[in-house]
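Peer 1: Structure, please.
(one chain, ligands or ions: 1)
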Amino acid sequence: MVYFVGAGSGAPDLITVRGERLLKEADVVIYAGSLVNPALLSVCKEETEIYDSAKMTLEEVIDVIKEAEKSGRMTVRLHTGDPSIYGAIREQMDALKACGISWEVCPGVSSMSAAAAALSLEYTLPGVSQTVIVSRIAGRTPVPEKEELAKLAAIGATLVLFLSSGYTKEVREELLKGAYTEETKCALVYKASWPEQKVVRTTLGALPEAAEEAGINKTALIIVGDVLGDDYELSKLYDAHFSTGYRDAKD
Ligand code: SAH
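Peer 2: Reported below is the predicted structural model:
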């Protein structure tokens with residue numbers, strides 16, 4: 001059996017209880033060494049075979065899993081954050097399917113959750129934005145034309161950009177073509193939940209300079225939108241004058 005496990009955003013105690021149990025039981029672990037905190041591997045059995053996928057191709061990863069399956073050993077494929085976001089898991093699952101190998105996915109705490117926690121931020125504030133767009137600027141991996149940043153920016157929703165902190169000038173240029181302005185609030189969170197975490201609050205206009213000053217150009221999220229400001233409406237959910245399925249409205 002193969003388990004794709006979300007390692008969480010970095011702090012070793014941000015893996016799920018299930019994920020940690022699977023790591024303890026694993027005979028083989030293939031972890032994304034570029035971003036997964038190696039401290040997580042300390043719970044593995046002494047005899048567990050450990051591979052760093054940062055140095056491997058897709059084919060090599062699948063070969064290691066196939067070998068383990070042949071001898072009935074359990075594999076954990078450990079991905080950073082939550083594996084569903086820029087995790088490159090689909091291609092692995094399809095390759096396993098082609099070999100008749102079954103798998104399960106165990107979710108993780110994405111860096112977008114850890115970054116919000118670091119900022120004490122709610123992405124979806126009533127009266128401000130009820131939509132979160134998760135995207136990236138085109139780098140070596142292209143982005144479909146219909147999803148160009150300038151087009152997404154037209155909506156003016158809360159924006160969370162992965163894999164983009166090395167391109168802050170381009171991000172600013174693209175976003176200013178949409179609903180955001182130079183004054184729109186913006187934050188950079190570097191290595192959310194790691195001891196070396198850095199949080200920078202700035203504006204879209206000042207983003208490139210703020211990133212440079214803080215020395216941030218990778219392993220960071222860029223968050224843009226008015227939810228980083230101070231104006232919002234109170235929720236209906238806890239409004240005393242509003243009845244819900246659990247509580248009647250008070251006069
Ligand atoms: N699946 C991961 C994302 C993998 S893509 C998740 O759910 O978080 C890698 C990108 O994620 C990095 O370039 C960076 O933009 C972001 N990232 C990963 N870990 C991070 C962290 N601890 N803090 C801030 N950004 C992080």
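
Peer 1: what residues does the stretch 1-150 of the chain put near the ligand?
Peer 2: Selection of the stretch 1-150 of the chain residues close to the ligand by C-beta under 6 Å from any ligand atom yields 9-10, 35, 80-82, 85-87, 110-111, 114-115. C-beta here means a position set from N, CA and C on the backbone, and glycine is covered the same way.

Peer 1: Give me the packing partners of the host helix or strand of L188, helices and strands only.
Peer 2: In this structure, L188 sits in strand 185-190 according to DSSP states H and E. Here strand 185-190 touches helix 111-119, strand 198-203, helix 207-214, strand 220-224, going by 3 or more C-beta pairs under 8 Å, 6 or more residues apart in numbering; DSSP states H and E.

Peer 1: So what's the residue count around the residue lying closest to T124 once chain neighbours are set aside?
Peer 2: Spatial nearest neighbour of T124, chain neighbours left out: Q130 (5.4 Å); criterion: C-beta to C-beta, 6 or more residues apart in numbering. For Q130, the neighbour count with other C-beta atoms under 10 Å is 12.

Peer 1: Got phi/psi on the residue of the stretch 1-150 of the chain found nearest the ligand?
Peer 2: Nearest residue of the stretch 1-150 of the chain to the ligand, counting by C-beta to the nearest ligand atom: G81, 2.1 Å away. With angles defined as degrees, to the nearest 10, G81 sits at phi 60, psi -130.

Peer 1: any idea how far V43 is from the spatially closest residue to E25 that is not a sequence neighbour?
Peer 2: Of all residues not flanking E25 in the chain, M74 sits nearest, at 6.2 Å (C-beta to C-beta, 6+ apart). M74 sits 14 Å away from V43, taking C-beta to C-beta, to the nearest Å as the criterion.

Peer 1: ok, back up a step: show the model's pLDDT score for the residue nearest to E25.
Peer 2: The confidence metric pLDDT takes the value 98 at M74.

Peer 1: Please name the residues that touch it.
Peer 2: Contact analysis of M74 by C-beta atoms under 8 Å, 6 or more residues apart in numbering lists M1, V2, Y3, E25, A26, D27, V28, A68.

Peer 1: What of M112?
Peer 2: G81, I85, V134, V160, F162, L221.

Peer 1: Name the residue of the stretch 151-251 of the chain with the shortest distance to the ligand.
Peer 2: A192 (3.6 Å).

Peer 1: Nice, that's everything, thank you.
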